[in-house]
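Peer 1: this is a predicted model, with the sequence first.
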Amino acid sequence: MYIIFLGAPGAGKGTQAGELARELGLEHIATGDLFRQALERGTDLGLKAKSYMEKGVLVPSQITIGMVLERLSAPDCTKGAILDGFPRNLEQAEALDKALREQGKAIDNVVYIKVSEEELLKRLSGRWICRRCQAPCHATDSPPRVWGKCDKCGGELYQRPDDNEVSVKKRLEVYLAETAPLIDYYTQGSKLIEIAGEGGVAEVAKRIKAALPGER
Ligand code: AP5
């Protein structure tokens, strides 16, 4: 099973994709997390991605597509995966379709989380991320039990450098120009499920589960 999470920066893709992956026993593949982990380790991939991420623009597709297809070919992804933040433009979507088709596989569903711009800005300005497991929380809406420590694994919480006002504005522009056209692409392929993303985390999760086909 392959499920994609699509939505603007701060829509809650990571939050919901992580929960659903745990529930379905699938790997959660988040391209932003893969780049940030590579950067923490100081690898070539991380250093290449750094300047693009800081500016809030997309890392070139030649780098991103190869990284994701390699990750998807790992043994822990044989049952499928939950993709978060990939694909991000038409080129990536077509490359993913082609790679899956060559293995007799296909995307099952695309969960598009729709949130107003005002709510996106509020979520991103209060977001804290775990350095160890990447789980996000929010300073006021879902604060950690112990300040500075991740509720899930006890790792250190930090604020992403690209959650500043200038980068967020750019990320929203890039989303509208390059990623939003995928809404039409997946609607045409009858894969898209649109979810109202405002309301609490549990409420949105319930909507997603109710909208996905099959019993979950
Ligand atoms: P990436 O890490 O993917 O960032 P993004 O798409 O901008 O998405 P975010 O992680 O900001 O938001 P999210 O939707 O996951 O929200 P979250 O669940 O954290 O990408 C970063 C960069 O990497 C890109 O700019 C690009 O440079 C590069 N990159 C990544 N993928 C790429 C690709 N495919 N191609 C090229 N370049 C790529 O939630 C946000 C906050 O809201 C949290 O604090 C959370 O606790 C809170 N929250 C969540 N849900 C709710 C709710 N229902 N109610 C209240 N608060 C909520």
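Peer 2: Received the coordinates, thanks. Since the model is a prediction, treat every value here as computed from it, not as a measurement. Residues are numbered from 1 along each chain as shown.
Peer 1: could you pull out the strands for the chain?
Peer 2: 2-6, 27-30, 81-84, 109-114, 127-130, 136-138, 157-158, 192-196 (DSSP state E).
Peer 1: out of the ones you listed, which gets nearest to residue 46?
Peer 2: Residue 46 lies closest, by C-beta to C-beta, to one member of the strands of the chain: strand 27-30, at 14.6 Å. To be clear about C-beta, it is placed using only N, CA and C from the backbone, and glycine gets the same treatment.
Peer 1: could you tell me how far the closest one lies from the centre of the chain?
Peer 2: 8 Å (C-alpha atoms, centre = their mean, to the nearest Å).
Peer 1: kindly report the same for stretch 133-141.
Peer 2: 14 Å.
Peer 1: now mean pLDDT, distance to residue 211 and mean neighbour count too, for the strands of the chain, in a markdown table please.
Peer 2: Output for these, formatted as a markdown table (pLDDT from 0 to 100; distance: least, C-beta to C-beta, whole Å; neighbours: other C-beta atoms under 10 Å):
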| stretch | mean pLDDT | distance to residue 211 | mean neighbour count |
| --- | --- | --- | --- |
| strand 2-6 | 98 | 11 | 25 |
| strand 27-30 | 97 | 19 | 20 |
| strand 81-84 | 98 | 15 | 25 |
| strand 109-114 | 98 | 8 | 22 |
| strand 127-130 | 94 | 25 | 21 |
| strand 136-138 | 93 | 22 | 19 |
| strand 157-158 | 96 | 31 | 16 |
| strand 192-196 | 98 | 5 | 16 |
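Peer 1: let me have these in JSON lines, extended by distance to residue 172.
Peer 2: Conversion of these to JSON lines gives the following (distance: least, C-beta to C-beta, whole Å):
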{"stretch": "strand 2-6", "distance to residue 172": "15"}
{"stretch": "strand 27-30", "distance to residue 172": "19"}
{"stretch": "strand 81-84", "distance to residue 172": "18"}
{"stretch": "strand 109-114", "distance to residue 172": "14"}
{"stretch": "strand 127-130", "distance to residue 172": "15"}
{"stretch": "strand 136-138", "distance to residue 172": "18"}
{"stretch": "strand 157-158", "distance to residue 172": "22"}
{"stretch": "strand 192-196", "distance to residue 172": "19"}
